[in-house]
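Asker: Structure here, sequence nowhere to be found:
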């Protein structure tokens, strides 16, 4: 196998790439040679920060503003980009924090739509095109809450648990036809989504105490896993959820 981590000549769709984990994954894929198609709810037309970084790396970056809570908008986006994707990274997501007994039902609906349903819709459309070509890589951003229940995030925990089942189901149907389906499960990463936890001295200390690596993760820690799963090195890897968590789940 030559250059198993080289993505030159491939195009990667990365959702939620405007900042945080999505940005870091998109940057890593571009550094490995992939051209980018990025989409976020507030994505700048020129690609913003990730567009500039892709240009520095000598890669193209096509950008779309897509509201992933709007099913029609996701379908329209998929129709435009599906036939050009060699790699799909389903990363767009949101989190709403409230005790389960008080959790607003509209929050539940929104999180399930963005974090689970929209990802199936996009994967279905892009996957159909990949299957017709006999090759593709689909990667989801799962979570530690794909394995655990979390606290005060019932919709998020349900959606991320659902992604695990979706990874298994799609892999069972598609890997024999050349399309691998996997997920990365980030640990506690220092992003906007964890800002409230990091600003809570008791919760932050409790979390940090349980991470064997002794630190919060950085978004860049996810890049290597994404490049691996997107490339030829992982041609026989499908149906897995790969934790990148500093050892949290082994504790």
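Answerer: Looks like it arrived, so ask away. As the structure is a computational prediction, the values presented were derived from the model and not from experiment. Numbering: from 1, shown residues only.
Asker: Please enumerate the strands of the stretch 101-250 of the chain.
Answerer: Assigned by DSSP state E, counting those that start in this stretch, the strands in the stretch 101-250 of the chain fall at 136-141, 179-186, 241-244.
Asker: Just send the ones you listed back as a markdown table, with mean neighbour count and mean pLDDT too.
Answerer: All C-beta spots, glycine's among them, are computed from the backbone N, C-alpha and C. A markdown table is the format used below for these (neighbours: other C-beta atoms under 10 Å; pLDDT from 0 to 100):
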| stretch | mean neighbour count | mean pLDDT |
| --- | --- | --- |
| strand 136-141 | 27 | 98 |
| strand 179-186 | 25 | 98 |
| strand 241-244 | 19 | 98 |
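Asker: just the helices in the stretch 151-251 of the chain please.
Answerer: With helices called from DSSP state H, counting those that start in this stretch, the stretch 151-251 of the chain shows them at 154-174, 195-198, 201-210, 223-230.
Asker: any idea of the pLDDT on the closest residue to residue 166 other than its chain neighbours?
Answerer: Once flanking residues are discounted, residue 166 sits nearest to residue 120: 6.2 Å by C-beta to C-beta, 6 or more residues apart in numbering. With respect to pLDDT, residue 120 scores 98.
Asker: Check the gap between residue 120 and residue 139 for me.
Answerer: Residue 120 is 14 Å from residue 139, where distance means C-beta to C-beta, to the nearest Å.
Asker: ditto for residue 110
Answerer: 23 Å.
Asker: Quick check: closest non-adjacent residue to residue 231.
Answerer: Going by C-beta to C-beta, 6+ apart, residue 231 has residue 5 as its nearest residue, at 5.1 Å.
Asker: so who does that neighbour touch?
Answerer: Going by C-beta atoms under 8 Å, 6 or more residues apart in numbering, residue 5 touches 32, 227-228, 231-233.
Asker: Over to residue 81?
Answerer: Residue 81 neighbours (C-beta under 8 Å, 6+ apart): 13, 37, 62, 64, 126.
Asker: let's see it at 10 Å
Answerer: Neighbour list for residue 81: 11, 13, 37, 39, 62, 64, 66, 88, 122, 125-126, 129 [criterion: C-beta atoms under 10 Å, 6 or more residues apart in numbering].
Asker: so which of the helices of the stretch 151-251 of the chain gets nearest residue 242?
Answerer: Among the helices of the stretch 151-251 of the chain, helix 223-230 comes nearest to residue 242, with 5.7 Å by C-beta to C-beta.
Asker: What are the buried residues along that closest one?
Answerer: 223, 225-230 (16 or more other C-beta atoms under 10 Å).
Asker: does the closest residue in space to residue 53 that isn't next to it in sequence count as helix, strand or coil?
Answerer: Distances taken as C-beta to C-beta, 6+ apart place residue 27 nearest to residue 53, at 5.5 Å, with adjacent residues excluded. Taking DSSP: H, G, I helix; E, B strand; the rest coil as the rule, one finds residue 27 in the helix state.
Asker: neighbours of residue 27, just the number please.
Answerer: Residue 27 has 24 neighbours, counted by other C-beta atoms under 10 Å.
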